[in-house]
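Student: I would like the atomic coordinates for the input below:
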Amino acid sequence: MKLIKLSDQYLNFDNVTHILDDGDEITVMFNTQDDNRIYLTRFEGNDVKKLREWLEKNAEQVN
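Tutor: Have a look, this model is predicted:
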């Protein structure tokens, strides 16, 4: 299980379906295994900077 801590939240990145970086905020969407329910969380401010840095370090670049 890949957990990261951002502010007061622990995120299980094994359950992330996709991430939207809209500049001022980042939205992380999770697999709920329920087609009728979407779970997401949004980050703003300093959390965006921290999460973006972590993603840049850990994401595999596709060219």
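Student: check contacts around residue 40.
Tutor: 27, 28, 29, 30 (C-beta atoms under 8 Å, 6 or more residues apart in numbering). Yep, even glycine has a C-beta here, placed from its N, CA and C like the rest.
Student: Checking it next. Helix, strand or coil?
Tutor: Secondary structure, DSSP: H, G, I helix; E, B strand; the rest coil: residue 40 is strand.
Student: Look up which helix or strand residue 43 falls in, please.
Tutor: strand 39-44 (DSSP states H and E).
Student: For whatever helix or strand comes next after that strand, give the mean pLDDT please.
Tutor: Counting by DSSP H and E, the next helix or strand C-terminal to strand 39-44 is helix 46-58. On average, the pLDDT along helix 46-58 is 94.
Student: just the angle between helix 46-58 and strand 39-44, please?
Tutor: Angle, helix 46-58 to strand 39-44, by axes from the mean of the first three to the mean of the last three C-alpha atoms, to 10 degrees: 110 degrees.
Student: which helices and strands sit right next to helix 46-58?
Tutor: For helix 46-58, the packing partners by 3 or more C-beta pairs under 8 Å, 6 or more residues apart in numbering; DSSP states H and E come out as strand 3-6, strand 16-21, strand 25-30.
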